[in-house]
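K.L.:
how would this look folded up:
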Amino acid sequence: MHNKKNKKDQQNIKVLKDFVETEGEVIEALPNGMFRVKLDNGHTVLAHLSGKMRVNFIKVSVGDRVVVQLSIYDLTKGRIVYRKSYV
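P.N.:
Prediction:
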């Protein structure tokens with residue numbers, strides 16, 4: 001049984017490696033916790049709040065600097081995982 005747990009842990013770590021983290025600025029707030037974020041490289045992505053940010057009531061507003069996780073499979077959608085500051 002111990003070997004099965006180790007294999008599961010390795011799979012979870014692999015899944016977490018399938019993301020790219022980058023910074024950007026929130027340019028538009030949309031319904032249901034969705035935001036349009038302009039990344040530092042000039043691209044615009046649609047991002048939603050991560051579950052931990054919702055649970056801890058961390059508010060994000062237009063103009064905030066945020067860290068966004070992007071899937072390597074779809075670079076147009078992402079997850080906001082950290083808010084850097086207010087403006």
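
K.L.:
contacts for the longest strand along the chain?
P.N.:
Longest among the strand segments of the chain by residue count, using DSSP state E, is strand 19-30. The contact list for strand 19-30 (Cβ atoms under 8 Å, 6 or more residues apart in numbering) reads 35-41, 44-46, 60-72, 75, 81, 84. Bear in mind the C-beta positions are built from the backbone N, C-alpha and C, glycine included.

K.L.:
which ones among the residues you listed lie within strands?
P.N.:
Per DSSP E, the subset of the contacts of strand 19-30 in strands is 35-39, 44-46, 65-71, 81, 84.

K.L.:
wouldn't Val45 be in contact with Asp74 here?
P.N.:
No - the criterion here is Cβ atoms under 8 Å, and Val45 misses it with Asp74 at 9.5 Å.

K.L.:
neighbour-wise, which of these two wins?
P.N.:
Val45 (18 against 9; other Cβ atoms under 10 Å).

K.L.:
the residue positioned nearest the centre of the chain and Ile27, how far apart?
P.N.:
Geometric centre of the chain, nearest residue: Arg79, 2.4 Å, by Cα atoms, centre = their mean. From Arg79 over to Ile27 the distance is 17 Å, taken as Cβ to Cβ, to the nearest Å.

K.L.:
please apply the same query to Lys52.
P.N.:
Distance from Lys52 to Ile27, by Cβ to Cβ: 23 Å.

K.L.:
same question, Val55
P.N.:
On the measure of Cβ to Cβ, Val55 and Ile27 end up 25 Å apart.
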